[in-house]
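Trainee: Next comes the sequence, and after it the predicted model I'd like to discuss.
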Amino acid sequence: MCDLNHTDSPVDIEWQKAGQTITQQTLRDDSYLQAKSSDKKYTCIVRNAAGEARKTFDLKVLVPPSINELSSSESLQNVIPGSRLSLDCIVDGDPFPEISWTRDDVPIEDGESYKIINQKETVVITKVDGQSAGKYTCHASNKAGNATRDFVVRLTEMPRFLDMSNVNPSIIIGRPLILDCSVSGTPKPTITWMKVCIFSKADSSDRGSK
């Protein structure tokens, strides 16, 4: 805003951007300029019969934080215990945002278990263990706003059978047979069924003599 003292005599107002005139008006009260472009210096020039006055505005456009999901790590991480894991949170904004990390809403500090690097855009879990699983959140903030991204870390678990009590069931001819294959594991295991045919030596000799 180019503020003026109210006057009965009209004044000429000129707005300039980077030395170039962008608008001219004849007004009695304040003049407003709505700017939509990037960082520039704007000058308000006021003229009347008595002379001229200038006021310069140094416009700084603030860009709120944004997180590039394509360049960042996948939101779900299945990790082998004992391994090393890096979580990347690629951030943009102007001014460059302040970045912090939490695990299950508890702040993460740079230390023996975690390394925070790359302008805090990356957190490294130096050795994944039973305490590493959880929700990791990247927080980015500047004067224009805030942005967050969650990463879920799960520990992988080898497939294992939940019930081994009936691996040799008895069969009654003509009746249905139900075979149970209950397993656990992370991520969820893929189950494949195979039919295995086994012939004894007696079976082979009997078939050959017929």
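Mentor: Perfect, I can see it now. It should be emphasised that the depicted structure is a prediction, and the values quoted were computed from it without experimental measurement.
Trainee: partners of the spatially most central residue of the chain in the sheet?
Mentor: Averaging the C-alpha coordinates of the chain gives a centre point, and the residue nearest to it by Cα atoms, centre = their mean is Arg149 (3.5 Å). Taking DSSP bridges as the rule, Arg149 bridges to Cys138.
Trainee: Verify the stated contact: it with Asn68.
Mentor: No: with contact defined as Cβ atoms under 8 Å, Arg149 does not count as touching Asn68 (9.5 Å). For glycine as for every other residue, the C-beta is placed from the backbone atoms N, C-alpha and C.
Trainee: Next, count neighbours for Thr71.
Mentor: Just to correct that, residue 71 is Ser rather than Thr. Around Ser71 there are 12 other residues, counting by other Cβ atoms under 10 Å.
Trainee: Got the confidence number for it?
Mentor: Reading off the confidence values, Ser71 has pLDDT 95.
Trainee: now it, what's its secondary structure?
Mentor: Under DSSP: H, G, I helix; E, B strand; the rest coil, the three-state class of Ser71 is coil.
Trainee: Surely it touches Asp88?
Mentor: Yes: counting by Cβ under 8 Å, a contact exists between Ser71 and Asp88, whose distance comes to 7.3 Å.
Trainee: all helices for the chain, in order.
Mentor: Assigned helices in the chain, in chain order: 201-209 (criterion: DSSP state H).
Trainee: Break this structure into its domains for me.
Mentor: The chain breaks down into these domains under automatic domain parsing: 11-59, 63-157.
Trainee: Mind telling me which of the ones you listed the model trusts least?
Mentor: When I compare the domains of the chain, domain 11-59 is least confident, with a mean of 74.
Trainee: so who does the residue nearest to the centre of the chain touch?
Mentor: Arg149 sits next to Ile67, Glu69, Ser72, Ser75, Cys89, Thr137, Cys138 when contact means Cβ atoms under 8 Å, 6 or more residues apart in numbering.
Trainee: If you go by neighbour count, which of those are buried?
Mentor: Using 16 or more other Cβ atoms under 10 Å as the burial test, the contacts of Arg149 include Ile67, Ser72, Cys89, Thr137, Cys138 as buried.
Trainee: Can I get the residues you listed in TSV including distance to Trp193?
Mentor: Below are the buried ones among the contacts of Arg149 laid out as TSV (distance: Cβ to Cβ, whole Å):
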residue	distance to Trp193
Ile67	44
Ser72	39
Cys89	42
Thr137	41
Cys138	43
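Trainee: Need the max-distance pair from the residues you listed.
Mentor: Based on Cβ to Cβ, the longest span within those runs between Ser72 and Thr137 and measures 12.3 Å.
Trainee: before we move on, back to that, ok, so of the contacts of Arg149, who is nearest Val183?
Mentor: Of all those, the one sitting nearest Val183 is Ser75; the distance, using Cβ to Cβ, is 26.0 Å.
Trainee: My guess is the closest one contacts Asp150. True?
Mentor: Yes: taking contacts as Cβ under 8 Å, Ser75 lies within contact range of Asp150: 6.4 Å.
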